[in-house]
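Engineer: Predicted model and sequence below, questions to follow.
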Amino acid sequence: MSKVIALAPFPAPGSSPLRASALDAFVRAAAATPRAPGPVADMRGRPLHDLRISVTDRCNFRCVYCMPKDVFGRDYPFLAHADLLSFEEIARLARIFVDQGVSKIRLTGGEPLLRKNLERLVEMLARMGQLDLTLTTNGALLAKKAQSLRDAGLTRVTVSLDSLDDVTFRAMNDVDFPVARVLEGIDAAAAAGLAPIKVNMVVKRGLNEASIVPMARHFRATGHIVRFIEYMDVGATNGWRMADVVPAAEIVRTIDAAIPLIAADPNYSGEVAERWRYRDGAGEIGVIASVTQAFCRDCTRARLSTEGKLYTCLFATSGYDLRALVRGGSTDVELGNAIAAIWRQRTDRYSEVRTSNTARLQKVEMSYIGG
Ligand code: SAM
């Protein structure tokens, strides 16, 4: 694997040079302008396929690399309930996104299972049919909720788990949460049929590298797919440094030395994870190399924040306020016009131009925009 970390002038294209008021004006004008017919593609020819919806900016974990306690403490100004999109508002927007070509929706956060009665939203989205409807969770509440989520129409689930070593895991989630309860959640999800289950492990140098091989061994031959994720410079609070990234190539070498691997073809063009199979046929792993091998070229993901802002990049510094349109009485057609226009002028390719300077941009937090 080659290491691709391009140099670029500051600021990065992932951020919009327009100020929030200009963005609002753009959204209003776009809503009122009839859209050109046909599928929506951005300035780099990328279609709009995936929508990630953050249903809460709150989390019951304080993962040190995501929501460090000293920033996200008791006084942190989380969104007020009235600011969150309601389930009805989310479902309406989701339907309009589907009209623009979205075929996969992932619910995320924050911790999505903290949002009360989430099953009701899942049911509303599932009723739209033909959707790959998934959810990313830290697993803390999954044992309790797996069956009701499945019954509501959830297709699959991704569980974040950074180590099987209890001491390491408790230190990383920073709320002393035990590994065993997350494993119970994974078992419950499997029993409920939320398969194939993906297990996401973020690898941070000096923190959990020793957990890479045990994680691979534990989930080998279970049908669950572990995906090892490079530590990213999302948000502005995690103090990211390139030196903390364990490159995906190193992760693959480490696992291969213990359990031999062979490269596998992508399931579909633009798949985020690079796939590797165990040579003995006992399953597969994935590596997500968003730092060392940027995959912006194939990025088809839009993100809807908890309060209804549309972001066209995980590393963006500002979003487009769709809630203002929704609550201002815009019609479905006007909302569709706005979404299409926002996507059509998208140029983001942050990971291709990341530098130590861009890492310091005031990017939105992952807990707010959704992972
Ligand atoms: N609370 C849910 C969970 O834990 O899966 C959903 C939200 S969380 C922000 C989504 C994913 O983002 C998790 O797998 C988390 O580990 C990952 N994540 C958070 N910060 C990250 C970072 N700096 N680099 C890479 N992945 C990160």
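Structural biologist: Alright, I've got the coordinates.
Engineer: For D244, list the residues it contacts.
Structural biologist: 204-206, 231 (Cβ atoms under 8 Å, 6 or more residues apart in numbering). Where you see a C-beta, it was placed from the backbone N, CA and C, and this is true even at glycine.
Engineer: From those residues, pick the one nearest A41.
Structural biologist: Y231 (31.1 Å; Cβ to Cβ).
Engineer: That closest one reaches P247, doesn't it?
Structural biologist: No - if you go by Cβ atoms under 8 Å, Y231 and P247 don't touch, sitting 10.3 Å apart.
Engineer: Mutual contacts of the two, please.
Structural biologist: The contact sets of Y231 and P247 overlap at V291 (Cβ under 8 Å, 6+ apart).
Engineer: C-alpha coordinates for stretch 118-129, CSV please?
Structural biologist: Provided in CSV are the C-alpha atoms of stretch 118-129 (Å, rounded to 0.1, in the frame of the first residue of the first chain):
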residue,chain,number,x,y,z
LEU,A,118,-35.8,5.1,18.1
GLU,A,119,-37.6,2.0,17.0
ARG,A,120,-40.4,4.4,15.9
LEU,A,121,-38.1,6.2,13.5
VAL,A,122,-36.7,2.9,12.2
GLU,A,123,-40.2,1.8,11.5
MET,A,124,-41.0,5.0,9.6
LEU,A,125,-37.9,4.6,7.5
ALA,A,126,-38.3,0.9,6.9
ARG,A,127,-41.8,1.6,5.6
MET,A,128,-40.3,3.4,2.7
GLY,A,129,-39.0,0.0,1.4
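Engineer: could you give the mean pLDDT of that stretch?
Structural biologist: Stretch 118-129 shows a mean pLDDT of 97.
Engineer: Buried ones in it, by neighbour count?
Structural biologist: Within stretch 118-129, the residues scored as buried using 16 or more other Cβ atoms under 10 Å are 118-119, 121-126.
Engineer: Please apply the same query to stretch 197-215.
Structural biologist: Neighbour counts over stretch 197-215 (16+ other Cβ under 10 Å) mark 197-204, 207-208, 211-212, 215 as buried.
Engineer: State the pair within those residues that is farthest apart.
Structural biologist: So, the buried residues of stretch 197-215 by Cβ to Cβ: farthest apart are I197 and L207, at 23.7 Å.
Engineer: near the ligand, which of the buried residues of stretch 197-215 show up?
Structural biologist: When contact is defined as Cβ under 6 Å from any ligand atom, the buried residues of stretch 197-215 meet the ligand at 200, 202.
Engineer: Just the ones in strands from the buried residues of stretch 197-215, please.
Structural biologist: Among the buried residues of stretch 197-215, DSSP state E puts 198-203 in strands.
Engineer: Residue numbers of the chain in contact with the ligand?
Structural biologist: 59, 65-66, 108-109, 111, 136-138, 160, 200, 202, 229, 231-232, 234, 238, 366-367, 371.
Engineer: May I have the phi/psi pair for the closest residue to L121 other than its chain neighbours?
Structural biologist: Using Cβ to Cβ, 6 or more residues apart in numbering and skipping the chain neighbours, the partner closest in space to L121 is F87 (4.4 Å). Main-chain dihedrals, F87, degrees, to the nearest 10: phi -60, psi -40.
Engineer: How many residues are close by F87?
Structural biologist: A count of nearby residues for F87, using other Cβ atoms under 10 Å, gives 19.
Engineer: need the contact list for whichever residue of the chain sits closest to the ligand.
Structural biologist: Going by Cβ to the nearest ligand atom, the ligand is nearest to G371 of the chain, at 2.3 Å. G371 is in contact with 52, 66, 108-109, 136, 160, 234, counting by Cβ under 8 Å, 6+ apart.
Engineer: who wins for most neighbours among those?
Structural biologist: Comparing the contacts of G371 on neighbour count, G109 comes out first with 27 neighbours (neighbours: other Cβ under 10 Å).
Engineer: Tell me who's in contact with L314.
Structural biologist: Residues near L314 by Cβ under 8 Å, 6+ apart: 232, 234, 301, 303, 350, 366, 369.
Engineer: try 10 Å
Structural biologist: For L314, the contacting residues are 14, 52, 232, 234-235, 290, 299, 301, 303, 348, 350-351, 363-364, 366, 369-371, by Cβ atoms under 10 Å, 6 or more residues apart in numbering.
Engineer: Of these, which belong to helices?
Structural biologist: Members of the contacts of L314 lying in helices (criterion: DSSP state H): 366, 369.
Engineer: ok, back up a step: separation between the residue of the chain closest to the ligand and A302?
Structural biologist: Taking Cβ to Cβ, to the nearest Å as the measure, G371 falls 14 Å from A302.
Engineer: Kindly report the same for V40.
Structural biologist: As defined by Cβ to Cβ, V40 lies at a distance of 10 Å from A302.
Engineer: Quickly list what's touching both of the two.
Structural biologist: Joint contacts of V40 and A302 (Cβ under 10 Å, 6+ apart) are 48, 97, 100, 102, 339, 342-343, 346.
Engineer: Next, count neighbours for the closest residue to Q362 other than its chain neighbours.
Structural biologist: When the adjacent residues along the chain are set aside, Q362 lies closest to A236, with 5.0 Å between them (Cβ to Cβ, 6+ apart). Counted by other Cβ under 10 Å, the residues lying close to A236 total 16.
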